[in-house]
Structure formats: structure tokens, C-alpha cells
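Colleague: give me coordinates for this.
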Amino acid sequence: MALIPQHFIDDLLDKVDIVDVVGSRISLRKSGKNYSARCPFHDEKTPSFTVSPDKQFYYCFGCGAGGNAIGFVMDYDRADFPQAVEQLASMAGMEVPRESRERSAAESRADSHRKRLYGLLSEADNYYRAQLRHHPEAALATNYLKQRGLTGAIAARFGIGFAPPGWDNLITQLGHDDERVRLLHDAGLLVRKEDNPNRVYDRFRQRIMFPIRDTRGRTIGFGGRVLGDDKPKYLNSPETPVFHKGSELYGLYEAHTTQREIPSLLVVEGYMDVVALAQHGIHNAVATLGTAATAEHLAKLYRYTPDVIFCFDGDAAGRKAARRALETCLPAMSDGRSARFLFLPEGEDPDTLVRKLGQEGFEQLLAQAISLADFLFASLEEGLNLADMGDKARLSKLAAPLINRMPPGVFRQLMLKQLARRTDLDVDSLTAIIAEPAQEPTAPQEPVHAEDDSANDPQTPFSGEDIPDYAGYAELHDTAGDRYDSYGHFDSAPGLGHRPATAKRLKLSAVQRLILLLLHNPSLGAELGGVADLDSLDDPDTELLVNLAALLREHPDYTLNHILGFWRGVHGAEQGELLARIAACDLARPPEHSERDEKAEFLDILAHLEQRIQHERPALEQLQGLLSQGCPAPQDRKRLLDLWHGQLSEGERSPELYERLKQVLSTRTGKVGH
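Modeller: As a prediction, the model looks like this:
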């Protein structure tokens, strides 16, 4: 597989100016050292989108979109990484080189197989379209389409075709040899006979054919609507190496090629619904392919729009399906996203309804769709009497696990407030209800004083008199926080898939703060060399920090622009976006207000994390490490006592270790207990 060399990406980022890249697509206004605009990735009235020519970096403080020039082209043009690099290279007058990496034979075969399937599916697509125009029985299909109110133009736009009657039309046309017949079967276009696996026949016969395209416009499968009495009414391609029903959406390619910005996407049930809506000027409909909406579907939908509307029948089955969709939506409900639910009158579907109401009437119906919050609470409150305390408690128990599935953010907090209003509980109480049960900490043993023979009891090694500075030990614990001063305008630490919708202050964790300092001062990466076991740190962003440190060891001359270019290409869009959000925190505080010594701050955080690493080791290992230092510092003396009394097991408290502990703790005054 041909890869774009990293050195070329670095050179490209050095040559293109992000102001030119962004300015060629949206209108920018000079604002001090930076440029500002209304964000192209969410709807806003006041500009919160900033482009920094110094850092070659963009960021929106409203929705969290951010990155370098490559990232902007990927997000704005909905291009993949190689396509974005190609576009920027063309802009800079550079030719993209390719380098090969060694691939396994299995990888090469799979890649070659997929390419051949794409080619054969494209041939089948052309064949079915030609049959709609030229086959002697094509009138079966064209008359049906005309009866449904579809024009030739809309049929051509969606590539609608015709699979004529007969068992071997496609085989005869495309199956020139055994290898092509095998590929037609692998593409889901042929079926093997159950009683004779050596015999195959056309899967689609006497059906109107709807090609299913991926977001790049490649045909990956088909759906067929029967014209006769055969069953099923709708037939989809099976799962193949290039077609996965759980992640593909019919009509998404057509929707995003028709509209630059998609305010909302309407999820309907059938191909004909999508096409009929487009015929009446509603170009934002997509259909799942015989499955309920999945997390993969939602991830794809929210890449194109912040608002998803699900369309269901108004009967009991439709509402049950809607509740399943709601539960699938909850983990995807980051701030700035919405899901709504539209229930159709009995006996209607989008196809019939849009023909009755027209575009304007149907759009008025869409405006009445129920919000996720309203539908969730309405569903849960069915059969409950909220004037009754027991039913209020039941509602809190029903809603809590659902709200708990939502990502942290403003939306989740608003849902909690809504539940609090309905149950007359305060938000803190509800937060406690939905929180995961915490593991009870081991209670430290109370120190036993030396009226008894403590010198001979390893469980109780010393008294206040035996050990200097023992007084007040019970109140002495490691209370060092793991939060640093706020440097941004977000309401919580940036995480994957979470774009805050409102500007509030952010407190970064120590690890995130270290990452931030590294991004803006890559030379500080040299200071990480002396930290042992950094990858053992128990923190959700440890892997990010370790990978960033490794990159800077290999490329100490990298700037923030280079880092983001590498990250998005190697680690993917979500990881690149996370890194961009952390990097953007520094843009929130004007340079003139910053008098901090960033190296001193970096070393201070590093020392704090080293202490955390020590404290996360097994208690016995921690204690032995501190004892090996000889004369301990005051905070280490307190830590030794904490480890002995509260964390070591009975089996670990040996007499030998006890004697060593007494000796070390008495070192400062020269007093050794006996």
C-alpha cells in the first residue's frame, strides 16, 4: 500500500499558511494577532472561531473543532487524510510522493479482493441502469416509478436501475469466467443453490434496483424493491467485505453532495421514502438498511450534521423502535448535538405523506418532532403518577441509568435538572444515584500507643513518644490535588466525542496540562527522559502523553503544526481532535497576561506525577523504596506511617521490616526504639 511520507507532510505544513487555507473557504476578519470568524462547523451568531497564524492552528471555543490546515480541510471538505494532503499539495504546487511499506500476503490479497469487488459492483450498477432504459420489460419498472411520482431526473440522480426477470441475466452479462462468477458471489450479487453449491443464480430478479453508495460515491451493495408477488418486498445485499449494513446509510452520499451544509438528517425506513422526499425538495433523508440504528450509524450521521430526526410509525411497534433508537443515541449525545423523533399518522409513511402535504407541509411536520429529552421522559412517565412519592422514586430509578449513559457535559447536566424538577430531588442527590458505585477505601488502622509491649508487636510498631513528629498523624494524608489552574473556556476537560456548546472555564488534569505545555513548547520533551515508569501512570490520558513524548524524542524540532499533522494522520481524526482541544486551551489566555515560567511549571507538574507514580505502586514496594532513601523528608515520614498502618497487609508486616522502619524514622534525632 502506498503511503505518504511523513517528511513530505512536514514540508507541506511548513509551506501552506492556514490563514490562506481557511480564508479560501470562509470569510476571516483580523482580530489582533489572530483571525476570527463565525464557526463553519456549528450555527452561531457571535464569532468564536479563531485562526492563529503564529501557531498555524484553528480552534472554535463554541463547539471544540480545532486542528491544523490538514484537519480543517478534512472537516470542512469532508475529505479523508490522503485527500486533504492532495488538496493542500495542489494548492502549494507540490506533487505528493508515495512510499511502500511491506505488507503481509494476506493484507495484499484482501486489498486486491476489495478493489475487484468495487469494480464489479460498479459494472453491475451500470448494467442495472442500462436495463431500466433498454430492456424489453423495463416498462414494468418505469411505470411503477411514474406511479410513485418520480421523474427520470431523480431516478438518474439516485442511479435507480432494473433487474429483469430471469435467473441468470447478471451471470450471463458479467460472469465471463469462473473467477468473475466467484467475485459476483462474494459481492452478494449471486446466490448458491442449497441443494447444489456448484450452481448459482442471480440474487436480484424482477426488482427496481437502488445502488447503495459509500460516502465516496462507490457502489458497495444494492437494495431491490420487488415488482411482482415475490417475497420479501425489499431485498438487500448480504454482508460482504465492502458492505456492512450496521454502518452504512442509503442516501447519505446524495445528501452531502447536494448540500454544502446539512442542518439536519432525517432517518427513514425505506429507499423509496428517501427518493420520494428528494423528489419533493427534501434532500436530507437517509435510510438504514433493514437494521435498527446503530452506534456506527450515529457516528456517521453526526459527522455531517448536529441534528438527527428519526421517523417512525405512530403505532406501538413504531414507538418501541423509537425507544431502542433513543437508547442508542444517549452515548452519542455530546453537547451541541440533538436527536428528535417524528411519529407519523397511522397508515402513512414519508413517501405517501410528502405526496399529500408537499414540501412545505412536510417540513412543518418535521418542525414538530419531539426532542430526545421530551420523548425520554414521556416514555418513562407512562403509567406513573408523579404526585405520588413512590412513582417519583421509580422515575428516578428508571431515568438514572439512561442519563448515566450520556457523555459528561452541559446536555447531561440539563437532563439531570429536568429529572430533578420532575422528582423534587436536588441535582446532587440525583448525581449520587447515577454515579457508579465507588470502591470503599481501606480504613487506616488507628495507631496503638505504647502502654503495652509495642516493641515486640509488629502490628503496632511505635508510639507517639517513640517516633518524632508523630503527633497529629491521623490528620496527615496526601491531599495534593491533581488539578491545575484553569486555562480555557470549556466546562469540563476535553474528551473524545465531546464538544462543549457554551464557553466556560476548564480545569485541566495534571497530565493534560503537561501535554498542553509540550504541545506549545516541544523542547520540554527532553525533560521527560528521567521519569521512570511514566506509562504506568493511572490516568486516562497517559497513553496520549507517552505517545507524544515518543514523537518528540524522535522529532525534537517539531512544532505544534507538525505534531497535529502527524497525529491526525497516524492516530485518526478523533485523537487528532482531542489533541487540538488541549492545545487550544492556551489560546484562551492572552499572551500578555501570562508571566509564568513554563519550564518551571512543567518540572513542577512532572515532580507531582512522579510522586503519583510512586503512590500507585504496591504498598510494600513503596515502603521499601522510601526506607532505602535513609533519612526521610517530613512528608516521606508521614507517608511511611500511612503505608504501615493503613495499607500493608498483616503478612507483609514482618518483624525485620518493623525494625528497619523504627530505625529510619528515628534517624533524625538519633533515637532508636527498642
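Colleague: lowest average confidence, helix or strand, in the chain?
Modeller: strand 99-100 (a mean of 62; mean pLDDT, DSSP states H and E).
Colleague: check which element follows it along the chain.
Modeller: Sequence-wise, the next helix or strand downstream of strand 99-100 (DSSP states H and E) is helix 105-134.
Colleague: would you mark the buried spots in that following helix?
Modeller: Residues of helix 105-134 classed as buried by neighbour count (16 or more other CB atoms under 10 Å): 117-118, 120-121, 123-125, 127-129, 131-132. Using the backbone N, CA and C atoms, a C-beta is placed for each residue, glycine as well.
Colleague: count of neighbours near the nearest residue to residue 159 once chain neighbours are set aside?
Modeller: Spatial nearest neighbour of residue 159, excluding adjacent residues (CB to CB, 6 or more residues apart in numbering): residue 211 at 4.6 Å. Neighbour count for residue 211, taken as other CB atoms under 10 Å: 25.
Colleague: for the one 4 residues further on, same thing?
Modeller: Using other CB under 10 Å, the number of residues around residue 215 comes to 16.
Colleague: excluding covalently adjacent residues, which one is nearest to it?
Modeller: Residue 215's closest residue in space is residue 253 (CB to CB, 6+ apart), at 5.7 Å.
Colleague: the one you found reaches residue 214, doesn't it?
Modeller: Yes: the pair residue 253 and residue 214 passes the contact test of CB atoms under 8 Å, sitting 6.8 Å apart.
Colleague: buried stuff in the one helix or strand the residue nearest to residue 215 maps to?
Modeller: Element membership of residue 253, judged by DSSP H and E, is helix 252-258. Neighbour counts over helix 252-258 (16+ other CB under 10 Å) mark 252-256 as buried.
Colleague: give me the average confidence score over that helix.
Modeller: Per-region confidence: helix 252-258 scores 89 on mean pLDDT.
Colleague: export it to PDB, keeping only CA atoms.
Modeller: The C-alpha trace of helix 252-258 is given here as PDB (Å, rounded to 0.1, in the frame of the first residue of the first chain):
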ATOM      1  CA  LEU A 252     -26.100   9.900   2.700                       C
ATOM      2  CA  TYR A 253     -23.800  10.300  -0.300                       C
ATOM      3  CA  GLU A 254     -26.600  12.000  -2.300                       C
ATOM      4  CA  ALA A 255     -27.500  14.200   0.700                       C
ATOM      5  CA  HIS A 256     -24.000  15.600   1.300                       C
ATOM      6  CA  THR A 257     -23.200  16.000  -2.400                       C
ATOM      7  CA  THR A 258     -26.500  18.100  -2.800                       C
END
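Colleague: how many neighbours does residue 414 have?
Modeller: By other CB under 10 Å, the residues close to residue 414 number 12.
Colleague: quick one: the helix holding residue 253 to chain centroid distance?
Modeller: Distance of helix 252-258 from the chain centroid (CA atoms, centre = their mean, to the nearest Å) equals 22 Å.
Colleague: same deal with stretch 66-75?
Modeller: On CA atoms, centre = their mean, the centre of stretch 66-75 falls 17 Å from the chain's centre.
Colleague: what lies in contact with that stretch?
Modeller: 9, 13, 16-18, 21-22, 25, 41, 56-60, 65, 79-81, 83-85, 87-88, 560-561, 564-565, 568-569, 573, 576-577, 580-581, 583-584 (CB atoms under 8 Å, 6 or more residues apart in numbering).
Colleague: mind exporting the C-alpha coordinates of that stretch to CSV?
Modeller: C-alpha atoms of stretch 66-75 as CSV (Å, rounded to 0.1, in the frame of the first residue of the first chain):
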residue,chain,number,x,y,z
GLY,A,66,-9.7,22.5,16.1
GLY,A,67,-6.5,21.5,14.4
ASN,A,68,-4.1,22.5,11.6
ALA,A,69,-4.6,23.1,7.9
ILE,A,70,-4.9,19.4,7.1
GLY,A,71,-7.5,19.0,9.8
PHE,A,72,-9.5,21.9,8.6
VAL,A,73,-9.7,20.6,5.0
MET,A,74,-10.7,17.2,6.3
ASP,A,75,-13.5,18.7,8.4
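Colleague: quick check: mean pLDDT of it?
Modeller: Computed over stretch 66-75, the average pLDDT equals 90.
Colleague: ok, and what's touching stretch 553-560?
Modeller: So stretch 553-560 is contacted by 10, 55-57, 68, 519-520, 522-523, 525-526, 529, 551-552, 562, 566, 583 (CB under 8 Å, 6+ apart).
Colleague: what does the strand or helix carrying residue 141 contact?
Modeller: If you go by DSSP H and E, residue 141 is part of helix 139-147. Helix 139-147 is contacted from outside by 132, 155, 160, 162, 206, 208, 227, using CB under 8 Å, 6+ apart.
Colleague: can you give me the mean pLDDT across that helix?
Modeller: pLDDT averaged over helix 139-147 gives 93.
Colleague: shaky segments in the stretch 101-250 of the chain?
Modeller: Applying pLDDT under 70 to the stretch 101-250 of the chain picks out residues 101-104, 107.
Colleague: run a quick neighbour tally on residue 66.
Modeller: Neighbours of residue 66 (other CB under 10 Å): 29.
Colleague: point out where the stretch 451-600 of the chain drops to low pLDDT.
Modeller: In the predicted model, the stretch 451-600 of the chain carries pLDDT under 70 at residues 451-507, 529-538, 586-596.
Colleague: residue ranges of the strands in the stretch 501-650 of the chain, please?
Modeller: For the stretch 501-650 of the chain, applying DSSP state E, counting those that start in this stretch gives no strands.
Colleague: as a check, name the ranges of all helices in it.
Modeller: For the stretch 501-650 of the chain, applying DSSP state H, counting those that start in this stretch gives helices covering 510-520, 542-554, 560-571, 573-584, 598-615, 619-627, 634-642.
Colleague: now the stretch 351-500 of the chain
Modeller: According to DSSP H, counting those that start in this stretch, the helices that the stretch 351-500 of the chain contains are 372-380, 389-403, 410-423, 427-434.
Colleague: which one of these has the lowest average pLDDT?
Modeller: Across these, the lowest-scoring stretch is helix 427-434, with a mean of 75.
Colleague: who touches that one?
Modeller: Here helix 427-434 has contacts from 396-397, 400-401, 403-404, 413, 416-417, 419-420, 423, using CB under 8 Å, 6+ apart.
Colleague: would you reformat those residues as CSV and include neighbour count and distance to residue 361?
Modeller: Compiled in CSV, those are given as follows (neighbours: other CB atoms under 10 Å; distance: CB to CB, whole Å):
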residue, neighbour count, distance to residue 361
396, 21, 40
397, 13, 41
400, 17, 40
401, 11, 39
403, 23, 35
404, 15, 39
413, 17, 37
416, 24, 37
417, 13, 35
419, 26, 35
420, 17, 38
423, 21, 39
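Colleague: what's the closest of those residues to residue 605?
Modeller: residue 413 (28.8 Å; CB to CB).
Colleague: on that earlier part again, buried ones among the contacts of stretch 553-560?
Modeller: Counted by 16+ other CB under 10 Å, the contacts of stretch 553-560 give 10, 55-57, 68, 519-520, 522, 525, 551-552, 562, 566, 583 as buried.
Colleague: looking at the residues you listed, which one is closest to residue 358?
Modeller: Distances from residue 358 to these, taken by CB to CB, are shortest for residue 68, at 45.6 Å.
Colleague: and the residue nearest to that closest one when sequence neighbours are not counted, how many neighbours?
Modeller: Take residue 68 and drop its neighbours on the chain: the residue closest to it by CB to CB, 6+ apart is residue 564, 4.2 Å away. Using other CB under 10 Å, residue 564 is surrounded by 27 other residues.
Colleague: so residue 564 sits right up against residue 58, yeah?
Modeller: No: assessed by CB under 8 Å, residue 564 is found out of contact with residue 58, at 10.2 Å.
Colleague: quick one, grab the pLDDT at residue 623.
Modeller: 68.
Colleague: circling back to that earlier point, give the ChimeraX command for selecting the buried subset of the contacts of stretch 66-75.
Modeller: Applying 16+ other CB under 10 Å to the contacts of stretch 66-75 leaves a buried subset, and the ChimeraX line that selects it is:
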select :9,13,16,18,21,22,41,56,57,58,59,60,65,79,81,84,85,87,88,560,561,564,565,568,569,573,576,577,580,581,583,584
